[in-house]
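**Student:** fold the following.
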Amino acid sequence: MNRSIIGMEGDVFSGIGSSSQVDGKVLQTFQKSFVQVQNILDQNRVLINEINQNHESKIPDNLSRNVGLIRELNNNIRRVVDIYADLSSSFSKSREASSDGESKSDGKGGQKRIRPG
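**Tutor:** This is a model prediction of the structure:
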């Protein structure tokens with residue numbers, strides 16, 4: 001099975017063999033998306049820590065501030081879901097384009113050529 005792994009620093013380690021060509025644009029899209037997601041998750045970590053501190057303080061102003069922080073957290077989660085949905089769609093389209101290109105590359109639409117015997 002061929003795999004690409006995107007490391008913590010956003011670098012791409014490719015285990016993809018020569019039989020399966022992956023467009024550089026697709027890899028750039030994946031890398032950019034994963035960096036965006038990681039940044040949002042880092043923001044969420046900060047938000048969650050602040051929400052927890054506010055909750056533990058039991059100070060009314062801090063507790064009411066949590067309402068806005070929780071909304072921001074929910075919006076960030078929606079953004080992550082949207083990024084993954086876009087990524088999934090992009091990947092599916094690139095796979096379709098790749099398989100279409102392979103099946104049409106011989107001009108026969110992927111049908112086997114029967115040689116006279």
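
**Student:** tell me the average confidence for the top helix by length along the chain?
**Tutor:** Using DSSP state H, we find that the single longest helix of the chain is helix 60-104. If you average the pLDDT over helix 60-104, you get 88.

**Student:** on contacts alone, who are the packing partners of that helix?
**Tutor:** helix 24-57 (3 or more CB pairs under 8 Å, 6 or more residues apart in numbering; DSSP states H and E). C-beta: built from backbone N, CA, C; applies to glycine.

**Student:** report the buried residues of the helix it packs on.
**Tutor:** 26-27, 29-31, 33-34, 37, 40, 47, 50-51, 54 (16 or more other CB atoms under 10 Å).

**Student:** cool, stretch 69-86 as well?
**Tutor:** Within stretch 69-86, judged by 16+ other CB under 10 Å, the buried ones are 69, 73, 76, 80, 83.

**Student:** ok, which pair from those residues is furthest apart?
**Tutor:** Using CB to CB, the two most remote members of these are 69 and 83, lying 21.1 Å apart.

**Student:** ok so, going back, and which of the buried residues of helix 24-57 is nearest to residue 87?
**Tutor:** residue 33 (4.8 Å).

**Student:** looking at it, the closest one is touching residue 88, isn't it?
**Tutor:** No. The criterion here is CB atoms under 8 Å, and residue 33 misses it with residue 88 at 10.1 Å.

**Student:** what lies in contact with stretch 82-93?
**Tutor:** Around stretch 82-93, the neighbours that count as contacts under CB atoms under 8 Å, 6 or more residues apart in numbering are 26, 29-30, 33, 36-37, 40.

**Student:** any idea which of those is closest to residue 62?
**Tutor:** residue 40 (23.7 Å).

**Student:** give the contact list for that closest one.
**Tutor:** Counting by CB under 8 Å, 6+ apart, residue 40 makes contact with 76, 79-80, 83.

**Student:** can you rerun that using 6 Å?
**Tutor:** For residue 40, the contact set (CB atoms under 6 Å, 6 or more residues apart in numbering) comprises 76, 79-80.

**Student:** for residue 90, see how far away residue 97 is.
**Tutor:** Residue 97 sits 10 Å away from residue 90, going by CB to CB, to the nearest Å.
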